[in-house]
Structures are given as structure tokens and as C-alpha cells.
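*Asks:* Give the three-dimensional model of this entry:
(one chain, ligands or ions: 1)
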Amino acid sequence: MADQLLLSLGPRPESLPGRYVRPAPQRPRLSDVDTSASIPVIDLTAGDDPQIVAQIGSACRSNGFFQVVNHGVSSELVMKMRKIAGEFFRLSAEEKMRLYSDDVGKKVRLSTSFNVKKEEVHNWRDYLRLHCYPLEEYLPSWPQKPVAFREVVSEYCSEVRRLGFRLLGLISLSLGLEEDYILRALGEQEQHMAVNYYPPCPQPELTYGLPAHTDPNALTILLQDPHVAGLQVLRPAGKWAAVDPHPEALVINVGDQLQVLSNGRYKSVWHRAVVNSEKERVSVAFFLCPSNNAVTAPAEQLIGEKSPAMYRSFTYGEYYKKFWARNLDQEHCLDQFRSYNC
Ligand SMILES: O=C(O)CCC(=O)C(=O)O
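*Replies:* Predicted coordinates for the structure are as follows:
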């Protein structure tokens, strides 16, 4: 167990410990990654202008990923969020170990890899996982250090939640649904956050920060490290593409619940985080999730003779349990929810 504790406690090994080494066929093959691919950048200045709705629809259909600029989250707050995230992982070992847990059911925990109790090969990542909504319920159990942590992160959560709701409205419109359709379907949405820390890795070609996975939730809003690339998405042609950091942008991706609600029109796309030998990387992923008892099902309006319901209905509580009971890089969790008609 001791050897599975946080990477950010150091010391930094000269070669990759065996428990992080992936079998040869599962390695990232970094030299094959497309570094020139572009993930659409959508300017949100113009509100719900039909052109923006069309751009969002097209990005969700073809890439499952897009970036937004002029998104309404102030650049000062984004800067503070990045700073406090980095500072958090520089706290003393004692401070960090107080928050450490390998129990994936805990709503506030500092952990490593993905699910250390279950997986055979670990990932080169530490992460702080926070439940964030309702804020007043979770805030008292959040880290007290660094000093401004609670203040900055709670403000960030509120602003990003607002952005997320706006995006869900635009996504609804892009599917030809009423603007509040998805918001209503998802219920009183929960909100989780992962602050990811990927230290420099002695042999990045042998492991991952996070292996290929899709997100179980509805919508993810990712704040990337502005200087260090690491996020890669699987393109429809089967090639991995790097998402180079855009300093002003937040990266948005469709999660599994939106793939179901859209009856498969929008894709919850495989993505992964790779590491590098020189620099640490910090990212902040913000997940909008249906409430546990909300029932996810394909929207009636998107079901027809030629497009039968692709998935059975289920509660998010059921989905989330199945998601965490697997290894991260197994088959698409949604495959377990396919409708028998399809
Ligand atoms: O760090 C990244 O770029 C990806 C993070 C991610 O996919 C996640 O936290 O689920």
C-alpha cells in the first residue's frame, strides 16, 4: 500500500516503477499522435445567436469536444484557480496525507492514479476530488489550505456552473429541443471537480496520466495548464490528436449522459492525458452530473422509426456506481446500457 501513495510526495524516481508500466500494446505511442489537429474554438460573445448554436451542434456531433472563449468566467478568476491548484500540490506531506483516501465513495479526497484498490497498472497522476454542489454542504469539508483555497474554488465553481448551464441550453437548442430540455432532464445537477496533478515522468512513453476514458457525467469543462500540453482526444478516424492549450479557452466535452439524451447524435468521446519528462502539469476538470435520482433516457423527440432509442433508461445513481466499479480504460460504460432494439 505504501508504494501507492501520492506521487507529489516525491522522491522522483529515475526510471518508471513497474506498477506504472503498461503492457506494450497499451502504451500511448506518442510519436503517432496528431499534433496539428484543431479542436474547434467557439466564441460565446454573441449569446444564443443561431450561428453559435450551429457551431456547437456541429462540434458535438463530429468531435464531442470544443473550446470556448469569451465564456464569461473572468480571466482573473481563472488565473487564481490555476495558481491555487498548483499551490495545493506543493503543500507539506502532512497536510496532504490528512486528505488522502483510496475510497472512491468519499466526496472530498486526495488520491492518486484512478482507483488504486482495483486497478493493476497505475497512472502517473495525483488528484483532488471534490463534490461542490450544494456548496454550503461540502465547503466545510474542503481543504483549509492553501489559505485562499475555499474562497477561490467556490467562486470558480459558481461561475463555471453558470457557464455549464448556458452551454446545456445551447446544446438543447442545437438538438432542436427546448432550451431548458436538458436542464430539466438532469434535475438538480450535482457538480464534481478533479484537480489533476501530473508530475514529470521519467518514461512518459510507458504510461499515462489518465488512460483513454469517457466521462460518465453530462458535460465537462476543463481548464488546461496554459503551458504544458497533455490532453489528447480520439478522432473519428481512430487517430489520437493533441489538444494544444489555448490560454483563453476552456475545453468542453460531451459526457456519457448527453450521448444518451441525444440518442447517440452527440458523442462522448474517448480522451486521455499523457505526461512528459520535463514539466509538471495541472488541470482542473469540472463535471456537471445529473442528480442521483434523475432518469437519463433518449429524448422522445429524437426517437423515430429510423432512429430507435439506442439506450435504455437508468438513474445516474446506477450509472455512476457501474462506472466506478470498472477499470477506467475498459469498454465504454454506455455499452452496458444499450437498448435491446439496437
Ligand atoms: O488533464 C486532462 O487534460 C484530462 C483530465 C480528464 O480527462 C479528467 O479529469 O477526467
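*Asks:* Around the ligand, which positions in the stretch 201-342 of the chain sit nearby?
*Replies:* Contact residues, the stretch 201-342 of the chain versus the ligand (Cβ under 6 Å from any ligand atom): 210, 215, 222, 224, 230-231, 271, 273, 283, 285. Every residue, glycine included, has its C-beta placed from N, CA and C.
*Asks:* I'd like those residues written out as JSON lines, with neighbour count, pLDDT and secondary structure added.
*Replies:* Listed next are these as JSON lines, based on neighbours: other Cβ atoms under 10 Å; pLDDT from 0 to 100; DSSP: H, G, I helix; E, B strand; the rest coil:
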{"residue": "L210", "neighbour count": "25", "pLDDT": "97", "secondary structure": "strand"}
{"residue": "D215", "neighbour count": "24", "pLDDT": "95", "secondary structure": "coil"}
{"residue": "L222", "neighbour count": "23", "pLDDT": "98", "secondary structure": "strand"}
{"residue": "Q224", "neighbour count": "25", "pLDDT": "96", "secondary structure": "coil"}
{"residue": "G230", "neighbour count": "25", "pLDDT": "97", "secondary structure": "coil"}
{"residue": "L231", "neighbour count": "25", "pLDDT": "98", "secondary structure": "strand"}
{"residue": "H271", "neighbour count": "24", "pLDDT": "97", "secondary structure": "strand"}
{"residue": "A273", "neighbour count": "25", "pLDDT": "98", "secondary structure": "strand"}
{"residue": "S283", "neighbour count": "25", "pLDDT": "98", "secondary structure": "strand"}
{"residue": "A285", "neighbour count": "23", "pLDDT": "98", "secondary structure": "strand"}
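*Asks:* of all these, which two lie farthest apart?
*Replies:* Based on Cβ to Cβ, the longest span within these runs between D215 and G230 and measures 16.2 Å.
*Asks:* Under a three-state scheme, what state does R184 occupy?
*Replies:* Secondary structure, DSSP: H, G, I helix; E, B strand; the rest coil: R184 is helix.
*Asks:* gap between it and the ligand?
*Replies:* Computed as Cβ to the nearest ligand atom, to the nearest Å, the R184 to the ligand distance reads 26 Å.
*Asks:* Just give me the neighbour total for that residue.
*Replies:* Summarising burial for R184: neighbours were counted as other Cβ atoms under 10 Å, giving 11.
*Asks:* show me what contacts it?
*Replies:* For R184, the contact set (Cβ atoms under 8 Å, 6 or more residues apart in numbering) is empty.
*Asks:* How about the one 10 residues further on?
*Replies:* Residues near A194 by Cβ under 8 Å, 6+ apart: 127-130, 284-285, 287.
*Asks:* ok, the residues you listed vs R27, which is closest?
*Replies:* If you rank the contacts of A194 by distance to R27 using Cβ to Cβ, Y127 comes first, at 21.7 Å.
*Asks:* Double-check that closest one against V104; I have them as touching.
*Replies:* No. Under the criterion of Cβ atoms under 8 Å, Y127 lies out of contact with V104, with a separation of 11.4 Å.
*Asks:* got any residues that touch both of these two?
*Replies:* Counting by Cβ under 8 Å, 6+ apart, the shared contacts of Y127 and V104 are S111.
*Asks:* for F149, what are its contacts?
*Replies:* Taking Cβ under 8 Å, 6+ apart, we find F149 in contact with 84, 88, 142-143.
*Asks:* Would you map the helices across the stretch 1-150 of the chain?
*Replies:* With helices called from DSSP state H, counting those that start in this stretch, the stretch 1-150 of the chain shows them at 50-62, 75-89, 93-99, 135-138, 149-174.
*Asks:* Could you point out which of the ones you listed sits nearest the ligand?
*Replies:* Closest to the ligand of these, according to Cβ to the nearest ligand atom: helix 75-89, at 11.2 Å.
*Asks:* List the buried residues in that closest one.
*Replies:* For helix 75-89, burial by neighbour count (16 or more other Cβ atoms under 10 Å) applies to 78, 80-82, 84-85, 87-89.
*Asks:* ok, and what's touching that helix?
*Replies:* So helix 75-89 is contacted by 8, 96, 126, 128, 143, 145-146, 148-149, 152-153, 155-156, 159, 195, 197, 223, 225-226, 248, 282, 284 (Cβ under 8 Å, 6+ apart).
*Asks:* from memory D43 sits against N70, does it?
*Replies:* Yes. Between D43 and N70 there is a contact under Cβ under 8 Å: 5.3 Å.
*Asks:* Neighbour count: those two, which is higher?
*Replies:* When D43 and N70 are compared on other Cβ under 10 Å, the one with more neighbours turns out to be D43, at 16 against 12.
*Asks:* who are the neighbours in contact with the more buried one?
*Replies:* With contact taken as Cβ under 8 Å, 6+ apart, D43 is in contact with 52, 68-70.
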